[in-house]
Structures are given as C-alpha cells and as structure tokens.
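Trainee: predicted coordinates and the sequence they were generated for:
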Amino acid sequence: MDLKEIAKNLIKGNAATVEELTRIAINQGIAPQKILDEGLIAGMDTVGRKFKANEIYIPEVLVSAKAMYAGMNVLKPLFVEAGVQYVGKLVIGTAMGDLHDIGKNLVSVMMEGAGFEVIDLGVDISPKKFVGAVKEHNPKIVGMSALLTTTMLSMKDTIEALEHENLRDKVIIMVGGAPVTQSYADEIGADGYADDARTAIEKAKELLGIE
C-alpha cells in the first residue's frame with residue numbers, strides 16, 4: 001500500500017478513510033512508525049506548509065487534524081506496545097485568566113503530527129499548574145499561549161515560578177499568541193517565540209537540535 005494515500009486523505013480531511021487506510025497498512029505488516037512518518041506526519045507537514053502560506057485556514061486545519069487523530073488512535077496502542085520514541089515531550093497550556101484555545105489547540109495538533117508527545121493542560125493554567133505538570137511529566141518543552149494582553153503577564157509569572165522551583169534550566173520555554181512578540185519573549189526570558197503553529201514546530205525542533 002502507498003502511504004501517500006493516507007497523507008492525501010488526511011490533507012483532504014477524510015477522517016474515516018484515514019482510519020481505514022491506517023488499519024489496512026497495519027494488516028499489511030507495515031511498521032507503525034513508518035505509517036506515522038510517511039502517512040500522518042507527511043500529511044500534517046503539508047497542511048502546516050499550506051497554513052503558513054495562507055493557502056488554507058484554521059477550519060481546514062482542524063478538519064485535517066481530526067483525520068490525523070483518527071489515524072493516531074489506531075496507531076497509539078501499537079506505539080505503547082513497541083515503545084516508540086517520540087522526538088520530545090511538550091507540556092502546553094493557555095496562560096492563567098485566558099480561555100482562548102484555538103491557537104493552542106492548533107499548535108498541539110501540529111506538534112503531535114510532527115512526532116511530539118503532547119500533554120495539553122487546557123486553558124486558564126496557573127503558574128502552579130505549569131510547575132506541577134513539569135514535575136509530573138518531565139517535558140523537554142513548555143508552551144504557553146495568550147490572546148489577551150492582560151494574561152501575558154502570567155507567562156512571566158510562570159517562568160519565575162519554574163525558576164523558584166529550580167526547574168527553569170530543565171525545560172525549553174516557548175510562547176505565542178496574537179499579542180505576544182519576540183521582544184516580549186526576550187523580556188520575560190522565554191527560549192523561543194512563534195507566531196503560528198508551523199513556526200512553532202520549526203522553532204521547537206531548532207531548540208532541541210533535531211532535524
């Protein structure tokens with residue numbers, strides 16, 4: 001079976017077809033990692049490029065994401081069985097006081113589609129909750145998003161809380177969201193800033209030193 005068919009259907013957002021093709025690929029003895037890399041990740045990579053180039057928009061990305069999850073749900077039990085290595089673990093959440101999650105959800109989906117293990121904490125996440133998640137999950141990256149200028153301050157508080165717990169040097173901190181800028185990221189001591197989901201993947205890989 002040509003795994004490009006999975007990628008093509010994922011790009012189109014055909015969730016049922018992606019799920020079916022993923023099962024067929026498994027039954028044909030194709031390795032789960034290969035299905036992930038050449039089917040699901042390849043498809044989401046194209047979606048990411050199109051999104052960054054403004055060829056498609058958030059609704060299309062979310063439909064493709066649904067198709068990706070349909071395939072991932074089939075593969076995940078096999079990954080657990082085989083002990084497949086993710087490229088890195090990401091803890092992500094929207095800053096305290098902020099209930100907006102479209103941007104955060106897009107980044108979560110795209111990062112998972114790029115091979116990251118994603119722990120999505122949700123919205124309105126306090127510095128204390130971020131600290132707790134770092135202690136529990138030991139991620140390589142912590143991602144924070146904000147849509148309101150008033151909640152951007154919580155990003156700074158979270159970094160300070162991680163410093164207070166001697167955890168700051170153990171994680172890479174990335175920030176993003178409509179009002180967030182590179183200069184603000186620099187000001188609060190974040191390691192990386194991204195203005196869209198595709199850039200977030202590129203920046204995360206760059207900071208981790210992976211291709």
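Mentor: Good, I have the coordinates.
Trainee: and Q85, what does it touch?
Mentor: With CB atoms under 8 Å, 6 or more residues apart in numbering as the criterion, no residue contacts Q85. (C-beta placed from N, C-alpha, C; glycine too.)
Trainee: right, and the helix or strand after the top helix by length along the chain?
Mentor: Counting by DSSP state H, the longest helix found in the chain is helix 58-82. Scanning forward in sequence from helix 58-82 by DSSP states H and E, the next helix or strand is strand 88-95.
Trainee: and after that following strand, which helix or strand comes next?
Mentor: Downstream of strand 88-95 (by DSSP H and E), the next one is helix 102-113.
Trainee: what separates that following helix from the chain centre, distance-wise?
Mentor: Using CA atoms, centre = their mean, to the nearest Å, the mean C-alpha position of helix 102-113 is found 4 Å from that of the whole chain.
Trainee: now the angle from the helix or strand of the chain with the lowest mean pLDDT to strand 88-95?
Mentor: In the chain, no helix or strand scores lower on mean pLDDT, DSSP states H and E than helix 102-113, which sits at a mean of 84. Put simply, helix 102-113 runs at 170 degrees to strand 88-95, going by axes from the mean of the first three to the mean of the last three CA atoms, to 10 degrees.
Trainee: convert the C-alpha atoms of the helix or strand just after helix 102-113 to PDB, please.
Mentor: If you walk from helix 102-113 toward the C-terminus, the next helix or strand you reach (DSSP H and E) is strand 116-125. C-alpha atoms of strand 116-125 as PDB (Å, rounded to 0.1, in the frame of the first residue of the first chain):
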ATOM      1  CA  PHE A 116       5.900  15.100  19.700                       C
ATOM      2  CA  GLU A 117       4.200  13.600  22.700                       C
ATOM      3  CA  VAL A 118       1.800  16.400  23.800                       C
ATOM      4  CA  ILE A 119       0.400  17.000  27.200                       C
ATOM      5  CA  ASP A 120      -2.300  19.600  26.700                       C
ATOM      6  CA  LEU A 121      -3.300  21.200  30.100                       C
ATOM      7  CA  GLY A 122      -6.100  23.200  28.600                       C
ATOM      8  CA  VAL A 123      -7.000  26.800  29.300                       C
ATOM      9  CA  ASP A 124      -6.600  29.200  32.300                       C
ATOM     10  CA  ILE A 125      -3.500  27.400  33.500                       C
END
